[in-house]
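Undergrad: compute the structure for the input listed below.
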Amino acid sequence: MASNNVAQFATELKMPADLLLTQLRSAGVEKSSTSDPLSKDDKDKLLDHLRRTHGASADTEKKKITLTRKETTEIKQADANGKARTIQVAVKKVRTFVQRDEPVAAAPVAPAAPVVDAVEVARREEEARKQAELIARQEAELREKQERLAKLESEKEAQAKATAAAEAAAAKGSRRRSEESRRQGRCRRDRQRSRRRASRARRRCRREEKSRRRGSQEEGRRSRQGSRRQSGRHRAGTQGRGRRGSTDQGHDERATPRHQSP
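TA: Residues are numbered from 1 along each chain as shown. Reported below is the predicted structural model:
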């Protein structure tokens with residue numbers, strides 16, 4: 001697809017649009033935004049500017065182009081709290097394309113392939129190795145955190161089960177203690193009622209005993225009083241008869257005249 005503006009050309013080159021816009025301005029191509037149209041002459045001016053910048057002379061057929069590409073990838077990883085967070089990994093790649101001198105031979109020679117020096121290859125390999133180590137370390141950390149979270153979840157579940165069992169045992173013990181307390185209360189009330197009934201029975205017995213004693217005493221007192229009255233009447237009758245007998249004798253004596261002796 002042909003690039004018609006700055007943004008499309010940057011996508012084609014796989015580089016940021018702002019960097020391409022800066023390079024175009026450095027090459028003398030005035031572009032104010034990434035949506036400005038870009039022509040073939042503008043691209044040629046940019047290419048010439050890049051050649052001069054990287055040390056290629058205008059009168060030399062040797063061509064060298066260096067392209068810088070920066071790739072940003074995102075890795076999602078869970079932190080210690082279990083929340084997912086995004087880690088951005090930026091990889092910067094620099095590619096240099098060199099067009100070698102064509103031989104003066106009459107036979108046509110195929111264009112030379114782009115040459116990448118050994119230092120660039122080693123640097124790329126080192127970057128790839130570091131990135132692989134970083135990804136492996138992040139995966140290991142992620143697995144470790146997942147295992148730790150799973151262990152914490154299992155511990156929480158076990159703790160919740162233990163708490164529920166303890167609460168059930170405590171509730172059962174509380175019910176048992178409440179039932180035992182109610183039973184003891186009933187027994188205590190029964191004993192109190194029994195003691196009160198026994199106390200009332202003892203008081204009733206004492207009252208009855210007192211009443212019987214009082215009745216016996218009253219009956220004895222009455223019998224004694226009756227005996228005294230009867231004895232008094234008997235004495236009074238005896239004394240009355242005695243007084244009447246003496247009175248009659250006195251009357252007889254007064255009635256009979258005394259004879260004087262001659």
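
Undergrad: now stretch 22-34, how far from the centre of its chain.
TA: 61 Å (CA atoms, centre = their mean, to the nearest Å).

Undergrad: remind me what the host helix or strand of residue 229 packs against, helices and strands.
TA: Assessed by DSSP states H and E, residue 229 sits inside helix 118-255. Applying 3 or more CB pairs under 8 Å, 6 or more residues apart in numbering; DSSP states H and E, we find helix 118-255 packed against strand 63-78, strand 84-99. Using the backbone N, CA and C atoms, a C-beta is placed for each residue, glycine as well.

Undergrad: how far does it sit from the chain's center?
TA: With CA atoms, centre = their mean as the basis, the mean position of helix 118-255 lies at 41 Å from the chain mean.

Undergrad: adding distance to residue 154 and mean neighbour count, write the helices and strands packed on helix 118-255 out as a markdown table.
TA: As requested, the helices and strands packed on helix 118-255 are exported to a markdown table (distance: least, CB to CB, whole Å; neighbours: other CB atoms under 10 Å):
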| stretch | distance to residue 154 | mean neighbour count |
| --- | --- | --- |
| strand 63-78 | 17 | 13 |
| strand 84-99 | 21 | 12 |
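
Undergrad: direction-wise, compare the helix holding residue 229 with strand 63-78 and give the angle.
TA: Following axes from the mean of the first three to the mean of the last three CA atoms, to 10 degrees, one obtains 10 degrees for the angle between helix 118-255 and strand 63-78.

Undergrad: report the rounded mean pLDDT for helix 118-255.
TA: On average, the pLDDT along helix 118-255 is 85.

Undergrad: can you check what angle separates it from strand 84-99?
TA: Using the same axes, to 10 degrees, helix 118-255 lies at 180 degrees relative to strand 84-99.

Undergrad: picking up where we left off before, export the helices and strands packed on helix 118-255 as a markdown table, with columns for mean pLDDT and distance to residue 218.
TA: As requested, those are exported to a markdown table (pLDDT from 0 to 100; distance: least, CB to CB, whole Å):
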| stretch | mean pLDDT | distance to residue 218 |
| --- | --- | --- |
| strand 63-78 | 77 | 107 |
| strand 84-99 | 78 | 108 |
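
Undergrad: figure out which of these is closest to residue 177.
TA: For the helices and strands packed on helix 118-255, proximity to residue 177 was assessed by CB to CB; strand 63-78 is nearest, at 47.8 Å.

Undergrad: helix or strand: which one has residue 48?
TA: Short version, using DSSP H and E: residue 48 is in helix 40-53.

Undergrad: for the helices and strands packed on helix 118-255, which one sits closest to residue 194?
TA: strand 63-78 (72.9 Å).

Undergrad: each with direction, which strands does that closest one pair with?
TA: Partner strands and pairing direction for strand 63-78 (DSSP bridges) are strand 84-99 (antiparallel).

Undergrad: ok now the strand it pairs with, how far from the chain's centre?
TA: 46 Å.

Undergrad: ok, back up a step: the helix holding residue 48 vs strand 63-78, what angle?
TA: Using the same axes, to 10 degrees: helix 40-53 against strand 63-78 is 90 degrees.

Undergrad: helix 40-53 - contacts with which helices or strands?
TA: By 3+ CB pairs under 8 Å, 6+ apart, helix 40-53 packs against helix 17-26, strand 63-78.

Undergrad: ok, 6 Å please
TA: Packed against helix 40-53, as judged by 3 or more CB pairs under 6 Å, 6 or more residues apart in numbering; DSSP states H and E, are no other helices or strands.

Undergrad: returning to that earlier point: how about the helices and strands packed on helix 118-255 in CSV, adding distance to residue 45?
TA: Formatted as CSV, those follow (distance: least, CB to CB, whole Å):
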stretch, distance to residue 45
strand 63-78, 14
strand 84-99, 19
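
Undergrad: fine, thanks again, bye for now.
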